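Engineer: Predicted model, plus sequence, below.
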Amino acid sequence: MTLPDLLARTWTNWLALPEGFDGRLLGEDMQGTDRADFRWLDSAPTYYGWYYALAHALRPTHIAEIGVRYGYSLKAMVEGSRAAPNGAHERLVVKGWDNESYVPGCLEVVRRMMARLQVDAMLYSLNTQGMDRLPAKNVDLFHVDGDHGPVAFLHDMALARQCMAPGGWIIGDDIQACGLEGGARSCAQQWGVPYVDLPTFSNGRNGLCLMGPLP
Ligand SMILES: C[S@@+](CC[C@H](N)C(=O)[O-])C[C@H]1O[C@@H](n2cnc3c(N)ncnc32)[C@H](O)[C@@H]1O
């Protein structure tokens with residue numbers, strides 16, 4: 001699928017809020033004080049709808065993410081892929097990395113969530129900045145949302161690139177909010193991949209970027 005084809009298939013979905021997707025439920029697995037952090041999800045459908053809609057259109061069987069936290073984006077991608085006609089069901093492989101620096105123990109919440117969804121997710125608590133390779137290959141859809149420093153972001157993008165299947169797609173988060181546009185675009189240019197900034201409404205200018213299909 002080309003980038004224009006993918007946008008044609010997801011744009012309406014995103015604006016209409018994808019059928020079957022309720023962003024407010026992304027935090028339903030959180031417990032106790034963690035729940036205080038999830039009121040902002042009321043406005044998140046315009047943001048997380050992209051993850052759902054893109055996974056729905058791409059039907060990835062192998063999803064990966066750097067920066068998992070409570071797993072909102074991971075869950076939106078899993079649900080989008082599963083809801084697609086002929087989408088990934090039993091075959092779904094999910095991998096995630098997070099050093100749990102924002103929320104100690106957050107991956108345990110995500111493990112419970114994925115177990116309830118009957119997804120066999122491999123979630124690793126580690127600092128990706130100390131890695132020169134990640135144990136993943138043939139990834140169809142990779143979300144980079146870890147350390148938002150410009151150098152750290154480029155490091156994570158390079159890690160993601162090594163894991164990708166031909167035809168795979170990479171999403172980057174907080175691109176505008178963190179001044180990462182130049183870095184994200186330079187990755188796409190260097191790899192010869194079409195690139196687009198996606199609009200998001202959640203708090204003004206967080207901004208997702210999307211690039212693919214990877215050669
Ligand atoms: C913005 S949050 C991710 C939010 C999540 N993707 C979502 O939308 O639900 C960024 C996450 O990256 C993690 N992180 C920050 N620096 C990291 C590093 N060097 N290695 C691994 N994870 C890191 C933080 O612990 C945090 O959970």
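Structural biologist: All right, it came through fine.
Engineer: Wasn't I171 part of a helix?
Structural biologist: No: secondary structure of I171 (DSSP: H, G, I helix; E, B strand; the rest coil): strand, not part of a helix.
Engineer: any idea how far it is from the ligand?
Structural biologist: As judged by Cβ to the nearest ligand atom, to the nearest Å, I171 and the ligand stand 10 Å apart. In short, each C-beta sits where N, CA and C put it, glycine included.
Engineer: Tell me what that residue is bridged to.
Structural biologist: Beta-bridge pairing of I171 under DSSP bridges involves H143, L210.
Engineer: how about it, what does it touch?
Structural biologist: Counting by Cβ atoms under 8 Å, 6 or more residues apart in numbering, I171 makes contact with 50-51, 54, 141-144, 208-210.
Engineer: Could you report the pLDDT at it?
Structural biologist: pLDDT for I171: 97.
Engineer: Over to E28?
Structural biologist: E28 is assigned 68 on the pLDDT scale.
Engineer: just the contacts of I171 now: which is nearest the ligand?
Structural biologist: Closest to the ligand out of the contacts of I171 is H143 (6.5 Å), distances taken as Cβ to the nearest ligand atom.
Engineer: Name the residues of this protein found near the ligand, please.
Structural biologist: Residues of the chain lying near the ligand by Cβ under 6 Å from any ligand atom: 67-70, 72-73, 97-102, 127-129, 145-147.
Engineer: The same query, at a cut-off of 5 Å, please.
Structural biologist: Within reach of the ligand by Cβ under 5 Å from any ligand atom, the chain has these residues: 67, 69, 72-73, 98-99, 101-102, 127-129, 145-147.
Engineer: Low-confidence bits of the protein, can you list those?
Structural biologist: Scanning the chain with the threshold set as pLDDT under 70 gives 12-46, 87-90, 201-205.
Engineer: could you check the distance from the residue minimising distance to the centre of the chain over to L92?
Structural biologist: Nearest residue to the geometric centre of the chain (Cα atoms, centre = their mean): H143, 3.4 Å. H143 sits at a distance of 15 Å from L92 (criterion: Cβ to Cβ, to the nearest Å).
Engineer: now do A115
Structural biologist: For A115 relative to L92 (Cβ to Cβ), the value is 14 Å.
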